[in-house]
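Asks: Give the three-dimensional model of this entry:
(2 chains)
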2 protein chains.
Amino acid sequence: MPRVHIDVMLKEEILDPAGQAIERALPKLGFDGVTGVRVGKHIVVDLASGDDLDARVEEMAGKLLANPVIETFRWHVEE
Amino acid sequence: MPRVHIDVMLKEEILDPAGQAIERALPKLGFDGVTGVRVGKHIVVDLASGDDLDARVEEMAGKLLANPVIETFRWHVEE
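Replies: Numbers count the residues shown, from 1 in each chain, chains lettered A, B, ... in the order given. Got it, this is the predicted structure:
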């Protein structure tokens, strides 16, 4: 049974307050040299295999897991 | 400048209500055959390169980005 990993991120042009908060916190904790942080979702889905796996994952991610107005997604099947 | 991708997930034994909600919603939307969903965070960090990159990322993720009591993390540097 395939395990699919889907990363859902805010589009580059959308403000990401969580990422900014982490970016500001890191130097105060001694982590220098960080120039950018973005925070999104990582969703792991176990689903039945089949020839239409790609189509199913694209539809699932595009319709339910990501908001296409403000988010993009990438996915891969775990080896 | 390396781009590091960090996935922070709840430990397997920790209840994941967000994942359960998605798992219950999928069949109602016509997606059958899903046997498990877990939701975590995907954090993308741009940071200065250096020999100590691995150590810095491990410390950053283990101390700030993940809560080691209930979460685990995995990371990789973008090719």
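
Asks: Could I get the pLDDT score of A:E71?
Replies: Here the pLDDT value assigned to A:E71 is 97.

Asks: Oh, that last question was meant for A:E79, not what I typed.
Replies: Confidence at A:E79, expressed as pLDDT, is 68.

Asks: cool, A:I43 as well?
Replies: A:I43 is given a pLDDT of 97.

Asks: Return the per-residue confidence for the closest residue to A:E71 other than its chain neighbours.
Replies: The shortest distance from A:E71 to any non-neighbouring residue, by CB to CB, 6 or more residues apart in numbering or on different chains, is to A:V8 (5.3 Å). Bear in mind the C-beta positions are built from the backbone N, C-alpha and C, glycine included. If you check A:V8, the pLDDT there is 98.

Asks: quick one: A:V8 and A:A61 touch, right?
Replies: Yes - the criterion here is CB atoms under 8 Å, and A:V8 meets it with A:A61 at 7.2 Å.

Asks: Next one: the residue lying closest to A:L47 once chain neighbours are set aside from B:M1, what distance?
Replies: Nearest residue to A:L47, sequence neighbours excluded (CB to CB, 6+ apart): B:V34, at 4.7 Å. To B:M1, B:V34 is 38 Å away according to CB to CB, to the nearest Å.

Asks: if you count what's nearby, which of the two comes out ahead?
Replies: B:V34 (20 against 10; other CB atoms under 10 Å in any protein chain shown).

Asks: Isn't that one up against B:E23?
Replies: Yes - the pair B:V34 / B:E23 is scored as a contact, 6.1 Å apart, by CB under 8 Å.

Asks: show me where chain A has helices.
Replies: A:17-28, A:53-60 (DSSP state H).

Asks: Quick one, which of those helices gets closest to B:H42.
Replies: helix A:17-28 (11.0 Å; CB to CB).

Asks: Am I right that A:H5 is in contact with A:H42?
Replies: Yes - assessed by CB under 8 Å, A:H5 is found in contact with A:H42 at 6.8 Å.

Asks: from the helices of chain A, which stretch is densest packed?
Replies: Greatest average neighbour count among these goes to helix A:53-60 (a mean of 16), per mean count of other CB atoms under 10 Å in any protein chain shown.
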